[in-house]
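A.B. asks: Give me a 3D structure for the following:
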Amino acid sequence: MGNPEINDPPRGRRALGTVLVIGGVGTILYWTAFFSSGMVQATREPCYLVFERAFPAADAWTAVAAILAGVGLWRRRPSAVLFGIAGGSGFVFLGLMDVLYNLEHGMYTLRTAEMANEIVINAFCLTVGPTAIAYAWRQRRVLDPR
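C.D. replies: Model (predicted):
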């Protein structure tokens, strides 16, 4: 009958898939708000705005990879491995870039709703990213049994 590990769906795949899709869609909504209303901007300082405007392409790639990983996990597709690792690494990269900028520029001292949102985004990136990478790697033989 084959390896039972390969036939059983991996635990947590639907939950992680949902979190990845939410992260991808949330990223798209963030940039929509950033450019349309500016309501997510933590400050209006020129260096912050220049820094943030360097990210839409990398965030778009990460969002697409996260959504594809999430859908792949829901449908138990082999592509979930590739896009889980790609999207997870994108989230780690973006989180580390944001944290370093925020530390170097004293952004964490700002007591605003926008900065609180940035902190949530940083925490999301630096927890969901490594989780997606580790999960995709550990479950690679189950998700892609070829």
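A.B. asks: Quick one: the helices in this structure, in order.
C.D. replies: Ranges of helices within the chain are 4-7, 13-36, 46-52, 56-75, 79-104, 113-138, 140-143, based on DSSP state H.
A.B. asks: any chance of those in a markdown table, with mean neighbour count and mean pLDDT too?
C.D. replies: Using the backbone N, CA and C atoms, a C-beta is placed for each residue, glycine as well. Formatted as a markdown table, those follow (neighbours: other C-beta atoms under 10 Å; pLDDT from 0 to 100):
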| stretch | mean neighbour count | mean pLDDT |
| --- | --- | --- |
| helix 4-7 | 10 | 51 |
| helix 13-36 | 18 | 97 |
| helix 46-52 | 13 | 96 |
| helix 56-75 | 20 | 97 |
| helix 79-104 | 20 | 98 |
| helix 113-138 | 17 | 97 |
| helix 140-143 | 18 | 90 |
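A.B. asks: I'd like the distance between residue 84 and residue 125.
C.D. replies: Counting by C-beta to C-beta, to the nearest Å, the gap from residue 84 to residue 125 is 15 Å.
A.B. asks: Equivalent analysis for residue 107, please.
C.D. replies: Going from residue 107 to residue 125 by C-beta to C-beta gives 15 Å.
A.B. asks: And for residue 55?
C.D. replies: With C-beta to C-beta as the criterion, residue 55 and residue 125 are 12 Å apart.
A.B. asks: Common neighbours of these two, please.
C.D. replies: Common neighbours of residue 55 and residue 125, counting by C-beta atoms under 8 Å, 6 or more residues apart in numbering, are residue 94.
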